[in-house]
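S.K.: return a 3D structure for these sequence lines:
(2 chains, ligands or ions: 1)
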Amino acid sequence: MNDFITKLTSGKIRVVDLTHTLSPEFPSISLPPEMGQAWPFRIEEVSRYDERGPAWYWNNFSCGEHTGTHFDAPIHWVSGKDVANGSVDTIPSRNFIGPAFVVDCSKEAAKDADFLLTKKHLLSFEKQHGRIAGRSWVLMRTDWYKRAGDPAAYQNYDETGQHTPGPDIDAVKFLVEERDVLGFGTETIGTDAGQAQHLRPPYPCHYYMHGAGRYGLQCLANLDQLPPTGAVVIAPPLKIQNGSGSPLRVLALVEGK
Amino acid sequence: MDSDQGQRFLLERPKRKNPVLRTRLPTLPPAARSRIALGLTAAAAMGRFELQQCKDCGTVQYPPREACQKCLSVKLIWKILPDGGELLARTVLHHSNDLFFRERLPWHLGLVKLDCGPTVVAHLHDSVEKRVRIKAMLDRAGQAVLAALPEKEVNVAEDRQLREFSCDPKFRKVFITDGKTGLGQELVKKMASAGADLIWVGHSEPWKKFKGFDELAKIPQVTLLPLDLTDSKNVREVAAEIGAKVDIVVNNAEHHRAFGIANRAGIETARAEMDVNYFGLLRLAQELGPVMRARGADGQSSAVAWVNVLSIYALANFPPHGTFSASKAAAHSLAQCLRAEMRPAGVRVVNVFPGPIDDEWNQLQPPPKVTPAALAAAILRALQDGIEDVYPGDVAQEWLARWRDNPKALERELSA
Ligand SMILES: [Zn+2]
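M.R.: Just a heads-up that it's a prediction; the model follows:
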């Protein structure tokens, strides 16, 4: 621990912020209009050194559990509804920190917005960087986060819905069943691909990860600043009673430059 | 009496504003009216010309009064009356101690003998001759005045004097808060063809390209703006960007779902309706209201009108769309507050109460439904004609009549 503290205080361990700023204009998930909708982030001023509160500035904000950079708990999905300790307030806190394996799919995603990460792709990642350890985060780097300033490009809708990259069914099953990961993280809105409702089962990452009690991180930023292996991710969601997820600050600790 | 008709007025595009000169402050014509005289205003607000008629002897009364001028009966009933009359005399005011008229001299007035009996003082349209028709309009103080028009159809908004009573979009800048709907797109077309100089069109969730986007973007007067009335910061920024130029706001953004209380669990849908329909109006009014009030007398193309697209369900709850009705009732109440706050600047708040609009959220409502094109036309007409309460379409008219007759009966009928 002393070694860690020394490295941290001396700057030998860098802290990388993997979080987007919560703002009203950050694109939020949208479902068909007849369905219930998550609140986008909204903020209202309470006072700003004025007659409403002369010496202080503060705001009220509102948002859904799945707004901005956020954490998905197992009970978010129907497949995980009966998972023990499946809500953000009951997940063991040691699961909020873990090593990260960052799979670079940026070239593929640039070529094909509907790119699906396959088991084959993961195996070749392992060949190069070593086996994905149990109880670790697998983060899919696509550089999609760079689109966040342009909501239309970030959401990438056309008349058939959203087109964003994500994992395919075998990749998810492999990570859950053969690698026992903590969870899966993406830079897009959703741990699943934009067109994942057409996979069988629909939204396989939500379905298998949460069904097996694993977690999701979405709308991550700056994954291009992480090494393929060796980073540690700190991702504790807000302790919302029976919460299905939460916006959060995600940090990564990286040793070296 | 003076028969000077002066120079014929032609509405021309105003020159660009001289930024060195102080913006004139709004003044209002005399606003005080007795409670009885407000009967004329209530009718004029809907574009009707009504006077009291004695139930006992049939005498038509003017000005409005407590008892019949002929038989002293107190049974005086407001009625829509024939609007024809004869111009007996005309005069031109060259002097006035009233600040409003003082700034608008010379002003043409006339004495008109109505076919239905009384003789009235009326503001004259530029091209009146012997035979006239009387139109009740609201002046900038929101009070009824009588205008004498020629018998042929005219656009009162193109008349130098009567334009003061209208909110015509010609050469004005219009802000339509939602271009994604059929109504929004029809409004844009109507305002463009009525001669609006600039039309800002809001659209929420800019990542969802909507049907009609390309057509809107092609209209030369149109500027599309990402706008979400639930986002205070966005509303503030848009108001800051365009507020000082907006002459007419049409707030047609709404959130509409077809639920009552029992058939939708939770409050999320109702809250979303309130957030757009009520709080959205509040946000917009807080950000745009002050700057529009400051421009109530900013030359020929001053800030003139604020249109709220409400719903006939604002008057009485329609249980199949129960939470939507409630949000529109809240918006209606707030619009009354807005009206009180905008009136000192002469900016008219026009409330529109359509019946079901022929759109996706009224899919299961049986016809008749008001089409977006007809609704947009009714809004334009209200602006040009000096009306502030608009009940467009058969359903709205029928509900209004039932509501005015007996609100309790309407409540019962709607809950059946
Ligand atoms: Zn009488």
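
S.K.: show me how chain B divides into domains.
M.R.: B:38-152+B:159-164, B:173-415 (automatic domain parsing).

S.K.: need the ones you listed in JSON lines (columns: mean pLDDT and mean neighbour count).
M.R.: All C-beta spots, glycine's among them, are computed from the backbone N, C-alpha and C. Shown next, in JSON lines, are these (pLDDT from 0 to 100; neighbours: other Cβ atoms under 10 Å in any protein chain shown):
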{"stretch": "domain B:38-152+B:159-164", "mean pLDDT": "94", "mean neighbour count": "18"}
{"stretch": "domain B:173-415", "mean pLDDT": "95", "mean neighbour count": "20"}
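
S.K.: closest one to A:Leu251 among the ones you listed?
M.R.: domain B:173-415 (26.6 Å; Cβ to Cβ).

S.K.: mind checking how far whichever residue of the stretch 101-250 of chain A sits closest to chain B is from A:Tyr203?
M.R.: Across the stretch 101-250 of chain A, the shortest distance to chain B (Cβ to the nearest Cβ) belongs to A:Gln155, at 3.7 Å. A:Gln155 sits 17 Å away from A:Tyr203, taking Cβ to Cβ, to the nearest Å as the criterion.

S.K.: compare these two (neighbour count), which wins?
M.R.: Shown here are A:Gln155 and A:Tyr203; by other Cβ atoms under 10 Å in any protein chain shown, A:Gln155 has more neighbours (23 against 20).

S.K.: that one contacts A:Ile189, correct?
M.R.: Yes: judged on Cβ atoms under 8 Å, A:Gln155 makes contact with A:Ile189 at a distance of 7.0 Å.

S.K.: got any residues that touch both of those two?
M.R.: Residues touching both A:Gln155 and A:Ile189 (Cβ atoms under 8 Å, 6 or more residues apart in numbering or on different chains): A:Pro27, A:Gln162, A:Thr164.

S.K.: with pLDDT, distance to the ion and neighbour count added, can I get those residues in TSV?
M.R.: Output for the shared contacts of A:Gln155 and A:Ile189, formatted as TSV (pLDDT from 0 to 100; distance: Cβ to the ion, whole Å; neighbours: other Cβ atoms under 10 Å in any protein chain shown):
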residue	pLDDT	distance to the ion	neighbour count
A:Pro27	91	69	23
A:Gln162	93	72	22
A:Thr164	97	77	26
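
S.K.: turn those residues into TSV, including secondary structure and distance to chain B.
M.R.: Below are the shared contacts of A:Gln155 and A:Ile189 laid out as TSV (DSSP: H, G, I helix; E, B strand; the rest coil; distance: Cβ to the nearest Cβ, whole Å):
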residue	secondary structure	distance to chain B
A:Pro27	coil	6
A:Gln162	strand	9
A:Thr164	coil	12
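
S.K.: for stretch A:134-149, how far is the first residue from the last?
M.R.: 35 Å (Cα to Cα, to the nearest Å).

S.K.: got it, and stretch B:303-323?
M.R.: So stretch B:303-323: terminal residues 33 Å apart, Cα to Cα.

S.K.: how far away from the center of its chain is that stretch?
M.R.: Relative to its chain's centre, stretch B:303-323 lies at 14 Å (Cα atoms, centre = their mean, to the nearest Å).

S.K.: how about the secondary structure of the nearest residue to B:Arg257 once chain neighbours are set aside?
M.R.: The spatially closest residue to B:Arg257, leaving aside those adjacent along the chain, is B:Thr269, at 4.9 Å (Cβ to Cβ, 6 or more residues apart in numbering or on different chains). Recorded secondary structure, B:Thr269: helix (DSSP: H, G, I helix; E, B strand; the rest coil).
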